[in-house]
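Visitor: here is a sequence together with a model predicted from it:
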Amino acid sequence: MKILKPFYELIKSETTMMRTASQKWGYIRIMAGTIFGGILGFYVMHRLETNYKEKMNERLRDYEAELKRKKDERLNELEDSSRF
């Protein structure tokens, strides 16, 4: 039994070390994934927000141009009707 005991202790210590190293890498992967996922999420939301803002600004410019066009048409109609 004395010969088997050191061998068993060696196996036991290696599996404990492997489990600890495996857990360590697991924690590192979880932390790295959380950080990179946060960065990716921030980037995607930033891009969506910027595109949405630009789209809304374009719609606002079109709306203002349409209002100006309608105002000019009304002024022209009033001028035309006042001539007669």
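Guide: Yes, it's here.
Visitor: off-centre distance for stretch 42-60?
Guide: Offset of stretch 42-60 from its chain centre (CA atoms, centre = their mean, to the nearest Å): 13 Å.
Visitor: ah, wrong one, I meant stretch 34-42
Guide: Worked out by CA atoms, centre = their mean, stretch 34-42 lies 7 Å from the chain centre.
Visitor: now it - C-alpha only, PDB.
Guide: Taking C-alpha atoms only, stretch 34-42 is exported to PDB below (Å, rounded to 0.1, in the frame of the first residue of the first chain):
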ATOM      1  CA  THR A  34     -18.400  40.200 -20.600                       C
ATOM      2  CA  ILE A  35     -16.000  43.000 -21.400                       C
ATOM      3  CA  PHE A  36     -15.900  42.400 -25.200                       C
ATOM      4  CA  GLY A  37     -19.600  41.900 -25.300                       C
ATOM      5  CA  GLY A  38     -20.100  45.200 -23.500                       C
ATOM      6  CA  ILE A  39     -17.800  46.900 -26.000                       C
ATOM      7  CA  LEU A  40     -19.600  45.300 -28.900                       C
ATOM      8  CA  GLY A  41     -23.000  46.200 -27.500                       C
ATOM      9  CA  PHE A  42     -22.000  49.800 -26.900                       C
END
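Visitor: which residue ranges form the helices in the protein?
Guide: Secondary structure of the chain, counting by DSSP state H: helices at 4-83.
Visitor: so where's it uncertain?
Guide: 1-19, 84 (pLDDT under 70).
Visitor: and if we set it to 50?
Guide: Nowhere does the chain drop to pLDDT under 50.
Visitor: got the contact list for Tyr43?
Guide: By CB atoms under 8 Å, 6 or more residues apart in numbering, the contact set of Tyr43 is empty. (C-beta placed from N, C-alpha, C; glycine too.)
Visitor: where's it relative to Asp80, distance?
Guide: 55 Å (CB to CB, to the nearest Å).
Visitor: for Gly38, same thing?
Guide: Taking CB to CB, one finds Gly38 at 62 Å from Asp80.
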